[in-house]
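Chemist: the sequence and its predicted three-dimensional model are supplied below.
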Amino acid sequence: MPSSAPRRFSVVLARIRVPLMWLAMAALCAGYLGLSWWVGGVLLVVALVVHLRLGTPRCAPRVLAPPVRGRWMALTSPVDNVPSQGTHAYGQTHALGLVAEDGSRPDIGWRPLSRPPADFPAFGAPVYAPATGTVVRVRDRRRDHRSRNSWPWLFGSVLENTLRELTGPSGLIGNHVVIDVGGTYVLLGHLRRGSILVTPGDRVEVADPIARCGNSGACTEPQVRMQLMDLPSPLFAAGLPFVWGSGWNAAAPGTAGLPETWRPVEIIHPDDVFAGQGGSTKDYPGQVRRT
């Protein structure tokens, strides 16, 4: 039975994950100056293993409310895989990526190569505070780019996202808000530029509107990123597990959990999720799996 705090080892890995990758790249570049290539190669292998796979936080999930309303679908979810984004870096271990799916959402294809964000039903949709807390971080300078939901763009986005990462966490997460919900921090990302309604220091209540969905950062189409972290900055944060309180799913109102990938659900606001409510000492519910 997991405790309410992650293991120290996974937290340590979270702190060194990004600096270790920087060190490995520096060592490789130093190969041109005479440093053994073996040093850089070994460091890079270790850094990639830590960056992508090691350090899954094992602790009781925090109970939160959903940040969106209506018919949405998870593109990435810890229900089906952990780390859900394929990496533990930047607090993304249990990240949830949501797109609106009302029947008008363009699907992936060969053409057109990209679309304006307004072609997607998620763009401009309200984003709500998932718990009562204090806003501690706001980033709102990233533009809302065109979609990347064609096969050629998807293949090319690997290089694009690598270049985005060079600009820091905001290059990947886009415009975002971080809320201190009592010892842990909720990040809502890929927000629309100019739509954020809060500033650092503001007190928000659960279900308060705080921004609108955008297409900023490393995303293929307009979506809302939600993740829970142990630090306000994603650069050195460990990603923590969370669930939505019972009542969020219109089809199963008595169940706590999260949406599965590629399965649209009607999301409503659960009335029984209170400000600052923590998870139990039990592990994830049965429908939430971990690897």
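Modeler: Thanks, I have the structure now.
Chemist: spatially central residue in the chain, please.
Modeler: Among the residues of the chain, Ala95 comes closest to the average C-alpha position under Cα atoms, centre = their mean, at 3.6 Å.
Chemist: for that residue, what are its contacts?
Modeler: By Cβ atoms under 8 Å, 6 or more residues apart in numbering, the contact set of Ala95 is 76, 78, 83-85, 225-227, 239. Glycine gets a C-beta too; all of them are placed from N, C-alpha and C.
Chemist: find the helix or strand that the residue nearest to it when sequence neighbours are not counted is a member of.
Modeler: In space, and not counting its chain neighbours, Ala95 is closest to Gln227: 4.0 Å by Cβ to Cβ, 6 or more residues apart in numbering. Assessed by DSSP states H and E, Gln227 sits inside strand 224-229.
Chemist: now do the next helix or strand after that strand: everything it contacts.
Modeler: Remark: after strand 224-229, the chain's next helix or strand is strand 239-240, criterion DSSP H and E. Here strand 239-240 makes contact (Cβ under 8 Å, 6+ apart) with 6, 14, 57, 59, 61-62, 83, 88, 91-95, 184, 227-230.
Chemist: are we agreed that Val68 is in a helix?
Modeler: No: under the criterion used here (DSSP: H, G, I helix; E, B strand; the rest coil), Val68 is coil, not part of a helix.
Chemist: so which helix or strand of this structure has the lowest pLDDT on average?
Modeler: Across the helices and strands of the chain, mean pLDDT, DSSP states H and E gives its lowest value to helix 151-165, namely a mean of 81.
Chemist: residues contacting Trp248?
Modeler: Neighbouring residues of Trp248 by Cβ under 8 Å, 6+ apart: 65-66, 256, 267-270.
Chemist: and stretch 160-170, how far apart are its ends?
Modeler: Stretch 160-170 has an end-to-end distance of 14 Å (Cα to Cα, to the nearest Å).
Chemist: off-centre distance for it?
Modeler: 15 Å (Cα atoms, centre = their mean, to the nearest Å).
Chemist: list the buried ones in it?
Modeler: 164-165, 169-170 (16 or more other Cβ atoms under 10 Å).
Chemist: which residues in this protein form strands?
Modeler: Applying DSSP state E to the chain gives strands spanning 62-64, 70-76, 96-100, 126-128, 133-139, 175-180, 185-191, 203-204, 209-212, 224-229, 239-240, 242-244, 265-267.
Chemist: so which of the ones you listed gets nearest Val50?
Modeler: Closest approach to Val50 among these is made by strand 239-240 (13.8 Å; Cβ to Cβ).
Chemist: mind checking how far the closest one is from the chain centre?
Modeler: On the basis of Cα atoms, centre = their mean, strand 239-240 sits 10 Å off its chain's mean C-alpha point.
Chemist: in its sheet, what does that strand sit against?
Modeler: The pairing partners recorded for strand 239-240 under DSSP bridges are strand 224-229 (antiparallel).
Chemist: list of residues touching the strand it pairs with?
Modeler: 62, 64, 67-68, 91-98, 122, 125, 127, 130, 173-174, 176, 178, 184-191, 213, 217, 219, 234, 237-242.
Chemist: returning to what we had before: so which of the contacts of Trp248 belong to helices?
Modeler: Members of these lying in helices (criterion: DSSP state H): none.
Chemist: generate a ChimeraX selection restricted to the buried subset of these.
Modeler: Typed into ChimeraX, the line below selects the buried ones among these, using 16+ other Cβ under 10 Å:
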select :65,66,256,267,269,270
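Chemist: now the contacts of Trp248 as JSON lines including pLDDT?
Modeler: Listed next are those as JSON lines, based on pLDDT from 0 to 100:
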{"residue": "Ala65", "pLDDT": "95"}
{"residue": "Pro66", "pLDDT": "96"}
{"residue": "Ala256", "pLDDT": "86"}
{"residue": "Ile267", "pLDDT": "95"}
{"residue": "Ile268", "pLDDT": "90"}
{"residue": "His269", "pLDDT": "80"}
{"residue": "Pro270", "pLDDT": "72"}
